[in-house]
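Asker: attaching a predicted model along with its sequence, questions to come.
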Amino acid sequence: MSSQIPPALSASKKNTFAYVTIKDRLPVTITKAIDYLSRFRNELAQRYSEDIMSDLKNAIELLSQLRYELTTDKNLKEITDSGSDSTLWNTALEELKSQIGPDNCTWFKSPWLFAECYVYRRIREAMLLCTTSLKDYDPYEKSKLESHEQSLKSVFQLITNLCPLNFNEEKQNESLMRERFREIMEALLWANKNDLSLSSGNDVSSKIHNLIELLDSFRPNVLCDHTEELWQFLKQLKSKKEHDNVCIDIVLDNCSIELAADLILCDFLLRNEFVHKIRLHGKAFSWFISDVTRSDFNFLIQQLQSSNSLIINNFLRRLNKYMQEDNRLEINCENSFWTLPYSFDQMERIDPDLYSYFKSTSSLIFFKGDLNYRKLLGDLDWDMSTPLIEAVREFKPTSLCAIRTLKSDLVANLDRENPNFVEMIKNYADSNKWMITGDYGLIQFFNL
Ligand SMILES: O=P(O)(O)OC[C@H]1O[C@](O)(CO)[C@@H](O)[C@@H]1O
Ligand SMILES: [Mn+2]
């Protein structure tokens, strides 16, 4: 392994996406929250009670103050609420101060990963400091609901296309099953284009409308594709004698269509007995606007219940059976590690139980989306040909698969000779725009 660890990305360098994010994108994200809280205050007062009005006023003030601190590059401040993770956050902040010096712990000088995660924790703080039931309110609820509703058609379409009514044919024909797996992986990848944080809460589901029809045209945009290696690995898991112990994990990213694609993968792997059990990991609170929380999970299930299509009803019945009767599928949204600013090489130090749980019980972890990818790579400025296994450094609890569309300018394991890569560079000349548009993607896997 090379001993050269690259520097962390940070907004201190102009002309970087980190800079654009802190300077332009995050203030808009905060403004959206302010806007939603003030626009829907009457509706909220009806839902909760009139008492929330002073809470709303405070929350809006705190968010305006947050925006001011960010735009004027103030120091990152301690978290002051009594949330169960506030001590963890404040310890992380103390550590950062001792690493880079207290004067450098500002919005623009801190590592980008830290500053961007911190903004979502401060938005959470503005709500947690409320004295009424508004405490648990997600200020992006409205934008999420809109996006859920707008992508409902695509969700139904996805399930209908990827879960046929009769599985016998697929069961008896390995090449058919493999084709289905490939298609599910592609859908999983491109569903990650749909993320509300990139658009600061404006819905972008139209971008991936008719996802299934887009798969062919997106194929040249896969810059690294380990689907075949992953397939071989899953076949090995399937043939294990002690199959009842084979458990895998999915660290989820976004709700709605991306979550629907995740559940399609779960159904495929469980019904075809590739693995015995799958554990899903969601977020404890509203995170990067569109990440899956327990209420998003429940909302999707409710939406599926509204369908009268036989395929969707059967899909839902299978999911319910895995979750409620067979104990083969579960979702955990309580672990605070996923909403801390740490990259995954720090997991063993910060949350040794979580690390050893993966190490001793998981055969494979899927990491979904751009932020998880950044956390895998430590948000460091790697040369793009660095092997993934090297870029994850100490984080090697078990085999890993990262699936992500590129929305930030860091990437590992790219082969500059890959024809898709060559073509992409030709299209973009030498601009690095391709790294942040979500138009390119990767499916990377390594087997430990
Ligand atoms: O939902 P994802 O795929 O993790 O992307 C989340 C966001 O994280 C980023 O990497 C950084 O903001 C973005 O580019 C994107 O908005
Ligand atoms: Mn996300």
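Answerer: It's in. Ligands and ions are numbered 1, 2, ... in the order given.

Asker: for the rest of this, base every contact and every neighbour count on C-alpha atoms.
Answerer: OK.

Asker: which parts of the longest helix along the chain are buried?
Answerer: Among the elements of the chain assigned as helix by DSSP state H, the one spanning the most residues is helix 141-162. Residues of helix 141-162 classed as buried by neighbour count (16 or more other Cα atoms under 10 Å): 141, 143-144, 147-152, 154-160, 162.

Asker: what does stretch 35-42 give?
Answerer: Quick answer for stretch 35-42 (16+ other Cα under 10 Å): 36, 37, 38, 41.

Asker: point me to the residue of the stretch 1-150 of the chain nearest ligand 1.
Answerer: Using Cα to the nearest ligand atom, residue 21 is the residue of the stretch 1-150 of the chain that sits closest to ligand 1, at 6.4 Å.

Asker: contacting residues for that residue?
Answerer: residue 11 (Cα atoms under 8 Å, 6 or more residues apart in numbering).

Asker: per-residue pLDDT, it?
Answerer: At residue 21, the pLDDT value in this model is 97.

Asker: any chance of the buried residues of stretch 35-42 in TSV, plus distance to residue 310?
Answerer: Shown next, in TSV, are the buried residues of stretch 35-42 (distance: Cα to Cα, whole Å):
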residue	distance to residue 310
36	37
37	40
38	42
41	40
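
Asker: which of these fall within strands?
Answerer: If you go by DSSP state E, the buried residues of stretch 35-42 have nothing in strands.

Asker: how close does the residue of the stretch 1-150 of the chain closest to ligand 1 get to residue 286?
Answerer: 19 Å (Cα to Cα, to the nearest Å).

Asker: next one: residue 135
Answerer: In terms of Cα to Cα, residue 135 sits 12 Å off from residue 286.

Asker: count the neighbours of the residue lying closest to residue 178 once chain neighbours are set aside for me.
Answerer: Using Cα to Cα, 6 or more residues apart in numbering and skipping residues adjacent in sequence, the residue nearest residue 178 is residue 231, 7.5 Å away. The tally of other residues near residue 231 (other Cα atoms under 10 Å) stands at 15.

Asker: and what of the one 10 residues further on?
Answerer: Counted by other Cα under 10 Å, the residues lying close to residue 241 total 9.

Asker: do residue 430 as well
Answerer: Residue 430 - counted by other Cα under 10 Å - has 10 other residues nearby.

Asker: looking at this, residue 401 is in a strand?
Answerer: Yes. Using DSSP: H, G, I helix; E, B strand; the rest coil, the secondary structure at residue 401 is a strand.

Asker: any idea what it is bridged to?
Answerer: Applying DSSP bridges to residue 401 gives these bridge partners: residue 366, residue 445.

Asker: touching, it and residue 392? I think so.
Answerer: No. Using Cα atoms under 8 Å, residue 401 makes no contact with residue 392, being 11.8 Å away.

Asker: ok, residue 270 - contacts?
Answerer: 276, 277, 278, 328.

Asker: now swap in residue 286 and tell me
Answerer: Contacts of residue 286 by Cα under 8 Å, 6+ apart are 120, 124, 138, 140, 293.

Asker: and the nearest residue to the last one once chain neighbours are set aside, what's its pLDDT?
Answerer: Nearest residue to residue 293 in three dimensions, chain neighbours excluded: residue 283, at 4.9 Å (Cα to Cα, 6+ apart). Residue-level confidence at residue 283 comes out at 98, pLDDT.

Asker: residue contacts, residue 283?
Answerer: 291, 292, 293, 294, 333, 334, 335, 336, 338, 339 are the contacts of residue 283 under Cα under 8 Å, 6+ apart.

Asker: distance of it relative to residue 353?
Answerer: For residue 283 relative to residue 353 (Cα to Cα), the value is 18 Å.

Asker: and the pLDDT at the residue nearest to residue 178?
Answerer: So, for residue 231, pLDDT stands at 98.

Asker: which residues of the protein lie near ligand 2?
Answerer: 253, 254, 291 (Cα under 5 Å from the ion).

Asker: can you select the buried ones from the residues you listed in PyMOL?
Answerer: A single PyMOL command selects the buried members of the residues of the chain next to ligand 2 (16+ other Cα under 10 Å):
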select buried, resi 253+254+291
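
Asker: could you look up the SS state of residue 278?
Answerer: Following three-state DSSP, the label given to residue 278 is strand.

Asker: how far away is it from residue 252?
Answerer: For residue 278, the distance to residue 252 - Cα to Cα - is 12 Å.

Asker: quick check: neighbours shared by those two?
Answerer: Common neighbours of residue 278 and residue 252 (Cα under 8 Å, 6+ apart) do not exist.

Asker: A strand includes residue 308, no?
Answerer: No. Looking at residue 308 with three-state DSSP, it is coil, so not inside a strand.

Asker: what is the end-to-end distance of stretch 68-88?
Answerer: Stretch 68-88 end-to-end distance (Cα to Cα) = 25 Å.

Asker: what residues does that stretch touch?
Answerer: Contacts for stretch 68-88 (Cα under 8 Å, 6+ apart): 22-23, 27, 89-90, 93, 103-108, 122, 125, 128-129, 336, 340.

Asker: select only the buried ones of those in PyMOL?
Answerer: Command for PyMOL that selects the buried part of the contacts of stretch 68-88, burial taken from 16+ other Cα under 10 Å:
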select buried, resi 22+23+27+89+93+104+105+106+107+108+122+125+128+129+340
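
Asker: for the stretch 101-250 of the chain, which residue gets nearest to ligand 2?
Answerer: residue 195 (5.8 Å; Cα to the ion).

Asker: just give me the neighbour total for that residue.
Answerer: Residue 195: 29 neighbours (other Cα under 10 Å).

Asker: mind giving me the packing neighbours of the helix or strand following the longest helix of the chain?
Answerer: Following helix 141-162 in sequence order, the next helix or strand is helix 168-172 (DSSP states H and E). With contacts defined as 3 or more Cα pairs under 8 Å, 6 or more residues apart in numbering; DSSP states H and E, helix 168-172 has these neighbours: helix 174-191.

Asker: flag every buried residue along the helix or strand that comes right after the helix it packs on.
Answerer: Next in sequence after helix 174-191, counting helices and strands by DSSP H and E, comes helix 211-218. Buried residues in helix 211-218, counted by 16+ other Cα under 10 Å: 211, 212, 215.

Asker: how far off helix 174-191 does helix 211-218 point, in degrees?
Answerer: Here helix 211-218 runs at an angle of 90 degrees relative to helix 174-191 (axes from the mean of the first three to the mean of the last three Cα atoms, to 10 degrees).
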